[in-house]
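Trainee: using only what follows, build the 3D model:
(chains A, B and C)
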Amino acid sequence: MTSTIEVTNLSKHFGKVNAVNDVSFTVAENKIYGLLGRNGAGKTTLMQLLTGQEFASSGTISLFGQPPVENAKVLQNTCFIKESQRYPEDFRPKDVFKTAPWFFANWDQEFADRLIADFRLPLDRRIKKLSRGQLSSIGVIVGLASRAPLTFFDEPYLGLDAVARQIFYDRLLEDYANHPRTVILSTHLIDEVSNLLEHVLVIDEGKLLINEDAETLRNRATNVVGMKTAVEAFIGNREVLHRDGIGGLSSVTVAGLSESERRDAHAAGLELSPVSLQQLIIQLTRTETKEFEASA
Amino acid sequence: MTTTTALAQPASPLKRITNVAKLHFANPWTTLGLPWIILGVIFVGMLTVWWLIYSAIDESARESALEGTQFSGSSFFIYIYMMVVAIQAISITFPFALGYGVTRRDYYLGSALAFVALAVIYTAGLTIISVAETMTGGWGMGVTIFAPVYFGAGIVERIFVQFVAFLFFLFFGSAIAAVWVRWKATGVTMFFIVVAALLVGLIALATFTDSWVAIGATLVDLGVTGVAAWSLVLTAISGVAGFTLLRRATPRNAA
Amino acid sequence: MDDSRPIFAQVAENIENDIISGALPEEGQAPSINEFAAFYRINPATALKGVNVLVDAGILYKKRGIGMFVATGAQEQLKGARRDSFSSEYVRPLLAEAEKLGIDSAQLTQMIAKEANNS
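Mentor: Numbers count the residues shown, from 1 in each chain, chains lettered A, B, ... in the order given. Now for the predicted structure:
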């Protein structure tokens, strides 16, 4: 399998702050990656480093086999959609869609037109008069229609409602299926995107915490709920990720279970419930649940 | 069946640079619309004022009044405004273009190309208007708005001086913009403090060495064209400075 | 797609259900990986994994360049497998719940007979 991105011992310091701290990983070609973590964890800085927008303090980055900084050959194949992307003030959405094809060789105008209709984006209104959600939809449309072999979406949907976000997910999946490419999606709405991802990178305080296949990660944990004594008997000396209880009831998150273990649990009168990727990451990063649920 | 998204054939360097240049004209309002409108408003305003003066004073006083218009600075505004255009264009399209996967090098060279194009366009426009001004005998009243004496007497000299002046203000503006993009408000403040200190230093130097007379004589010797030609040195310094600063700039959002 | 088992296993089971119910007839063409992915809103790699479970079991087979088809005998094969696990999947939990509530097996048999008559 070819690696689209190879990162070795990458660090970025701003003064004394280690925004990205000795991170190494590879990104395989034509997969959808989730880059997850709390706000301020270093996701945006990492993506800016990968696209040559920031300069690394140390370590190496290779995109399509070459360093990205000031490398037109590499950067032409990337598209980086930022939550906070600024557009020239006097631009209207139609000016954005007029100029984007100059820079993206794979641009699909028909697809862009369809997305514009899907998101009901007014083309003639000035950028500064657009709502937050409309601004976000411009980025989403450029990111999808550019069909760049390596596309970054950094929290692309601030201000988009649930319907618009679903449109984004559906169009992304559909177009990705027909035109496979490498997509890196950074978000804190983990549950919403969890099924779209093939691989997950979790970054916390500049460190890479999890680098795992999404399917493996999803099966990594199960909640076991039931009578305290029965639960304790069942878990024995398994690794417990999280423990909760009320009265005689107990709810324990344990590492993934096999089919036969599930049957044993059912036979013991225990209930099994899934642990969402979001819950798992919260437990693994020991972050406050609120952080993930508050925004968007 | 699915097709893998192929890597794009690298566009030629020239193509990449002209694409950036085109970006500055994608919505021509800032670069080509507003400046002409402002110039038009000034023109109409000046004409009205002169028409009022022209009607109010008697014929004997007219000549000296109109002579004064030769030194009118009204069209100076457009040069200062082009500096603002350059600052705006760079500070706004830089983060935008980098999101499109443009390198800083291509971005600066493309912007420089756009600025040279702007200098050509505005020089051509002002030349046409000033020729019209001369042909209509100063808009029928002997007024000078677009062909003041600073820009030289002949049309060739005027074209050269105007073109060079546009280049200077555009590239000086792009250097300021590069400082802004790289260090935001703090940087620009520092920049102007340094520029002001340099100017004060030069003035002090000239004063203490009693060189003002010599400087005056040199400027007269150089003539308008000579001074304009020397400004190319400052333009080049601004260009190199802008390029160097921008090569290490990052499109961060917070000021 | 929200119980605690792997998504690919759930996809495979959903396809099995469609074959058992006849919604996907034998020798009929199954939806493509991309169609499954779009329908379940999952990554195509996950859909592929689910489909491959059935291909490996001989339930689905691939025709080069055309797509995937339901194998002859797939419905019977699936029903057989489901019958084999019926006891452990349904009867055993039923007995466990009945025991918890103090329902003995005679009462349980009676209840089953009654429900069967009603339906």
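Trainee: make it CA atoms for all contacts and neighbour counts henceforth
Mentor: Will do.
Trainee: got the residues of the stretch 1-150 of chain A near chain B?
Mentor: Within the stretch 1-150 of chain A, the residues that sit near chain B (CA under 8 Å from any CA of the partner chain) are A:30, A:51, A:53-54, A:69-73, A:75-82, A:84-91, A:95, A:98-100, A:102-106, A:147-149.
Trainee: in helices only, show me those.
Mentor: Under the assignment DSSP state H, the residues of the stretch 1-150 of chain A next to chain B contribute A:72, A:73, A:75, A:95, A:98, A:99, A:100, A:102, A:103 to helices.
Trainee: quick one: which of those is nearest chain B?
Mentor: residue A:75 (4.8 Å; CA to the nearest CA).
Trainee: what about the closest residue to chain C within the stretch 1-150 of chain A, how many neighbours?
Mentor: At 7.9 Å from chain C, residue A:32 is the closest residue in the stretch 1-150 of chain A, using CA to the nearest CA. Residue A:32 has 27 neighbouring residues, counting by other CA atoms under 10 Å in any protein chain shown.
Trainee: give me the nearest residue to it, chain neighbours excluded.
Mentor: residue A:183 (4.7 Å; CA to CA, 6 or more residues apart in numbering or on different chains).
Trainee: let me know the pLDDT of that neighbour.
Mentor: On the pLDDT scale, residue A:183 is placed at 97.
Trainee: do residue A:165 as well
Mentor: pLDDT, residue A:165: 94.
Trainee: tell me the spacing between it and chain C.
Mentor: 13 Å (CA to the nearest CA, to the nearest Å).
Trainee: and for residue A:162?
Mentor: 15 Å.
Trainee: and residue A:169, by the same measure?
Mentor: Counting by CA to the nearest CA, the gap from residue A:169 to chain C is 8 Å.
Trainee: next one: the helix or strand that residue falls within, is it in contact with chain B?
Mentor: Assigned by DSSP states H and E, residue A:169 belongs to helix A:162-178. Yes: interface with chain B: helix A:162-178 contributes A:177, A:178 (CA under 8 Å from any CA).
Trainee: interface residues of chain C facing chain A?
Mentor: C:2-7, C:34, C:37-38, C:41-46, C:92-93, C:96-97.
Trainee: one more time with 7 Å
Mentor: C:3, C:4, C:6, C:34, C:38, C:41, C:42, C:43, C:44, C:45, C:93, C:96 (CA under 7 Å from any CA of the partner chain).
Trainee: return the subset of those lying in strands.
Mentor: The members of the residues of chain C next to chain A all map outside strands under DSSP state E.
Trainee: what would these look like in TSV with pLDDT?
Mentor: Formatted as TSV, these follow (pLDDT from 0 to 100):
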residue	pLDDT
C:3	62
C:4	65
C:6	81
C:34	91
C:38	91
C:41	92
C:42	93
C:43	93
C:44	93
C:45	92
C:93	82
C:96	83
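Trainee: most distant residue from the centre of chain C?
Mentor: residue C:102 (31.6 Å; CA atoms, centre = their mean).
Trainee: for that one, give me the pLDDT.
Mentor: pLDDT, read off for residue C:102, is 92.
Trainee: just the buried members of the residues of chain C next to chain A?
Mentor: With neighbours counted using 16 or more other CA atoms under 10 Å in any protein chain shown, the residues of chain C next to chain A contain these buried positions: C:4, C:6, C:34, C:38, C:41, C:42, C:43, C:44, C:45, C:93, C:96.
Trainee: which of the residues you listed fall within helices?
Mentor: C:34, C:38, C:44, C:45, C:93, C:96.
Trainee: what is the nearest of these to chain B?
Mentor: residue C:34 (9.3 Å).
Trainee: what is the neighbour count of residue 235?
Mentor: Went with chain A since none was named. Residue A:235, neighbours per other CA under 10 Å, totals 16.
Trainee: chain B is the one I meant
Mentor: Here the number of neighbours of residue B:235 (other CA under 10 Å) works out to 21.
Trainee: so who does it touch?
Mentor: B:167, B:168, B:171, B:172 (CA atoms under 7 Å, 6 or more residues apart in numbering or on different chains).
Trainee: what about residue 29, how many residues nearby?
Mentor: Using chain A here. Neighbours of residue A:29 under the rule other CA under 10 Å: 19.
Trainee: let's do chain B instead
Mentor: 14.
Trainee: and what of residue A:221?
Mentor: 25.
Trainee: if it is in a bridge, with which residues?
Mentor: Assessed by DSSP bridges, residue A:221 has beta-bridge partners residue A:255.
Trainee: so what touches stretch A:255-273?
Mentor: A:219-226, A:230, A:239, C:3-4, C:93, C:96.
Trainee: now, of the residues of the stretch 1-150 of chain A next to chain B, which are buried?
Mentor: By 16+ other CA under 10 Å, those give A:30, A:51, A:53-54, A:69-73, A:75-82, A:85-91, A:95, A:99-100, A:102-106, A:147-149 as buried.
Trainee: picking that back up, list the buried residues of the helix holding residue A:169.
Mentor: A:164, A:165, A:168, A:169, A:170, A:171, A:172, A:173, A:174, A:175, A:176, A:177.
Trainee: from the chain's centre, how far out does it sit?
Mentor: 14 Å (CA atoms, centre = their mean, to the nearest Å).
Trainee: and that helix, what does it pack onto?
Mentor: helix C:33-40 (3 or more CA pairs under 7 Å, 6 or more residues apart in numbering or on different chains; DSSP states H and E).
Trainee: so does the helix it packs on get close to chain B?
Mentor: No: using CA under 7 Å from any CA, helix C:33-40 stays clear of chain B, coming no nearer than 9.3 Å.
Trainee: what angle separates that helix from helix A:162-178?
Mentor: 170 degrees (axes from the mean of the first three to the mean of the last three CA atoms, to 10 degrees).
Trainee: what's in contact with the helix or strand bottoming out on mean pLDDT in chain C?
Mentor: Ranking every helix and strand in chain C by mean pLDDT, DSSP states H and E puts helix C:92-101 at the bottom, with a mean of 87. With CA under 7 Å, 6+ apart as the test, helix C:92-101 has contacts from A:266, A:267.
Trainee: buried set for that helix?
Mentor: Under 16+ other CA under 10 Å, the buried positions of helix C:92-101 are C:93, C:95, C:96.
Trainee: beyond it, next helix or strand please.
Mentor: Taking DSSP H and E as the definition, the helix or strand right after helix C:92-101 is helix C:105-118.
Trainee: those strands in chain A, which residues are they?
Mentor: Under DSSP E, chain A gives strands at A:3-14, A:17-28, A:32-36, A:58-63, A:78-82, A:150-154, A:182-187, A:199-204, A:207-213, A:221-227, A:240-246, A:249-255, A:271-274.
Trainee: dump these to JSON lines, plus distance to residue B:31.
Mentor: Listed next are the strands of chain A as JSON lines, based on distance: least, CA to CA, whole Å:
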{"stretch": "strand A:3-14", "distance to residue B:31": "36"}
{"stretch": "strand A:17-28", "distance to residue B:31": "38"}
{"stretch": "strand A:32-36", "distance to residue B:31": "39"}
{"stretch": "strand A:58-63", "distance to residue B:31": "36"}
{"stretch": "strand A:78-82", "distance to residue B:31": "26"}
{"stretch": "strand A:150-154", "distance to residue B:31": "31"}
{"stretch": "strand A:182-187", "distance to residue B:31": "36"}
{"stretch": "strand A:199-204", "distance to residue B:31": "43"}
{"stretch": "strand A:207-213", "distance to residue B:31": "45"}
{"stretch": "strand A:221-227", "distance to residue B:31": "58"}
{"stretch": "strand A:240-246", "distance to residue B:31": "60"}
{"stretch": "strand A:249-255", "distance to residue B:31": "61"}
{"stretch": "strand A:271-274", "distance to residue B:31": "58"}
